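Peer 1: Give the three-dimensional model of this entry:
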Amino acid sequence: MTQQFGSLSHLKVIDASRVLGGPYAGQILADHGADVIKVEPPAGDETRGWGPPFLDGTASYFLGVNRNKRGMAIDLSTPAGQALFSHLLQDADVLIENFKTGTLDKWGLSHAEIERRFPNLIHARVSGFGADGPMGGMPGYDAAVQASCGIMSVNGETGGDALRVGLPVVDMTTGLNAVIGILMAVAERSQSGKGQFVETTLYDCGFSILHPHLPNYYLSGKVPAPSGNAHPNISPYDTYATATDLLFLAVGNHRQFTTLCRILERTDLPDDPRFNDNGARLQNRDVLKVELEKAMASHACTELADTLLKAGVPCGAVRSIDQVVEDPHTKHREMVVDIGDYRGTGSPIKLSRTPASYRSAPPAYAQHTDEIMQELGVDAADFPDAIPSNNNKS
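Peer 2: Numbering: from 1, shown residues only. Take a look at the predicted model:
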C-alpha cells in the first residue's frame, strides 16, 4: 500500500457497495486519505457497464465515483468468501454496504454479530427505504425515489407534468449524508472506543431536501406544485431572457433588487407598490418578469451577468456542461482532475492543511486483489472459491 495523505489517512474503509450512493461516499473518504478497498462481486459493480462512453472497457458512470480506491473481488455467496470478507473487517474502521436487506444476516454478519465480533467497526448502510416499516427492504433507485418522496411533484414547468431532476440528486445526497454519519461516528468513537451502525436511506434523504416546500406546506396546508424555474417564496428568482441567452436572477432582498433596477436603468420599479417588497413582487412576479425582460433586451447575457455579480446581485448565465468545464474559475478551483487517461471531478471540500489528493484512477476489476491478500497475510488457497476466476477482467 502506498503512503496515504489527508485528514482521513488513519482510516481503513471496506467499500462493499455498488452503483452510486455508497461508492460516492467511499470516494469522498478516499479523496481525503482513507485507504478504501472496493470489494466487488464476481460480475463486478454493474455500473462498469453503464455506458457508453467507456475507457478501457469501463463506463464513465463507474469512473465518476470510484477514484483513489483499491479494488478486489470476492464471491460472497460462498462460505470461503464470507470468511475472507470477515478477515478484511478485522482491522477495518468502516464498512460501507448496500446489500439487500437480510443478506448480511444470511452470511452470519447481522448487526448484532458485527457489533460482537468487530466492536470498533463503524458499519454504514445505504438502502432505499431502510430494513423495516411499510416499505422496509424494498428496492430503491434514485428516480423512483424522486417520484415516491415528492421531489418530482415540485419539479417541472408551471402547470406541467411532474419531472425528474436531471441528476441523481437523491443518490448523491444519500452518499453525502452517509459520509457525515460516518465521520460523526468516528468522532464519537474517539470518546467511547466503540463503533456503531450508521444508516442513510434514499427515501429519508430525498424527503429531507424538500426545502422550502415542506415548511411551506406545514405552515399553509397548500400542496406545492411545479413552478418552472421560479422560486415559490422569492421574486425575482427565475430565468429571464436577455439579448443573447437566458440569465438566472436570484435576488434575495430589496437592496439587491434596487441595485438590479439601477443597473437596468429602471429605478422606478423599487418604488412601485407592486414591487416595493418581496411579498408584492411575488404576487406580481409575472408582470415584473415582463418589465425586467424589456430592460434586459438590450443587454448581452454574459456581460450583464458579470456586471450584476460585481455589483452584488446574485445571478448566473445559463450555461452548458462544456462551457462550465472550460471556465477559468472551474480550473482555478481545481474541480477537474486528470490522472493519465482518466478525467474526474475534483473534491468540493477544501481543507487548508490536509487537502484532498488524487492519487489513483478508479481500479480495474479486481486489480489489487493479490496486493491486498498479501497485506492481510493470507493465501488464496486458504479461501477456496472466495476469489472469482475472472480476476483479470477489465
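
Peer 1: Need the single longest helix in this structure, by residues.
Peer 2: helix 169-192 (DSSP state H).

Peer 1: How about residues contacting it?
Peer 2: Outside of helix 169-192, the residues within contact range by Cβ atoms under 8 Å, 6 or more residues apart in numbering are 11, 19-25, 28-29, 93-94, 96, 120, 122, 124, 126, 142, 145-146, 149, 151, 195-196, 198-202, 205-206, 208-209. (Each C-beta comes from the backbone N, C-alpha and C, glycine too.)

Peer 1: Off-centre distance for that helix?
Peer 2: 13 Å (Cα atoms, centre = their mean, to the nearest Å).

Peer 1: for the record, mean pLDDT for it?
Peer 2: In this model, helix 169-192 has a mean pLDDT of 98.

Peer 1: Tell me the buried residues within the contacts of helix 169-192.
Peer 2: Listed as buried from the contacts of helix 169-192 are 11, 19-25, 28-29, 93-94, 96, 122, 124, 126, 142, 145-146, 149, 151, 195-196, 198-202, 205-206; burial here means 16 or more other Cβ atoms under 10 Å.

Peer 1: Cross those against helices and list the overlap.
Peer 2: Using DSSP H, the buried ones among the contacts of helix 169-192 in helices are 21-25, 28-29, 142, 145-146, 202, 205-206.

Peer 1: which two from the residues you listed end up farthest apart in space?
Peer 2: Largest separation among those by Cβ to Cβ: L29 and Q146, giving 25.6 Å.

Peer 1: Report the central residue of this structure.
Peer 2: M172 (2.3 Å; Cα atoms, centre = their mean).

Peer 1: How about the contacts made by L29?
Peer 2: Taking Cβ under 8 Å, 6+ apart, one finds 8, 11, 13, 36, 94, 179, 182 in contact with L29.

Peer 1: residues in contact with the residue of the chain most remote from its centre?
Peer 2: Distance from the C-alpha centroid of the chain peaks at D268, with 43.5 Å (Cα atoms, centre = their mean). Applying Cβ under 8 Å, 6+ apart, we find D268 in contact with C261.

Peer 1: on that earlier part again, could you let me know which of the ones in helices among the buried ones among the contacts of helix 169-192 ends up closest to G228?
Peer 2: Q146 (17.4 Å).

Peer 1: Helix or strand: which one has the residue nearest to L264 when sequence neighbours are not counted?
Peer 2: In space, and not counting its chain neighbours, L264 is closest to A295: 3.9 Å by Cβ to Cβ, 6 or more residues apart in numbering. If you go by DSSP states H and E, A295 is part of helix 285-296.

Peer 1: For that helix, which residues meet the burial criterion?
Peer 2: Across helix 285-296, burial judged by 16+ other Cβ under 10 Å covers 285, 288-289, 291-292, 295-296.

Peer 1: Any chance of JSON lines for those residues, columns pLDDT?
Peer 2: What follows is the buried residues of helix 285-296, written out as JSON lines (pLDDT from 0 to 100):
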{"residue": "R285", "pLDDT": "95"}
{"residue": "L288", "pLDDT": "97"}
{"residue": "K289", "pLDDT": "97"}
{"residue": "E291", "pLDDT": "97"}
{"residue": "L292", "pLDDT": "98"}
{"residue": "A295", "pLDDT": "97"}
{"residue": "M296", "pLDDT": "97"}
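
Peer 1: Could you export stretch 250-262 as PDB, CA atoms only?
Peer 2: Provided in PDB are the C-alpha atoms of stretch 250-262 (Å, rounded to 0.1, in the frame of the first residue of the first chain):
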ATOM      1  CA  ALA A 250     -31.500  35.000  -7.600                       C
ATOM      2  CA  VAL A 251     -32.500  38.300  -5.900                       C
ATOM      3  CA  GLY A 252     -32.900  37.700  -2.200                       C
ATOM      4  CA  ASN A 253     -33.500  41.100  -0.700                       C
ATOM      5  CA  HIS A 254     -34.700  44.600  -1.600                       C
ATOM      6  CA  ARG A 255     -31.200  46.100  -1.700                       C
ATOM      7  CA  GLN A 256     -30.200  43.600  -4.400                       C
ATOM      8  CA  PHE A 257     -33.400  44.400  -6.300                       C
ATOM      9  CA  THR A 258     -32.700  48.100  -6.100                       C
ATOM     10  CA  THR A 259     -29.200  47.500  -7.400                       C
ATOM     11  CA  LEU A 260     -30.500  45.400 -10.200                       C
ATOM     12  CA  CYS A 261     -33.000  48.100 -11.300                       C
ATOM     13  CA  ARG A 262     -30.300  50.800 -11.200                       C
END
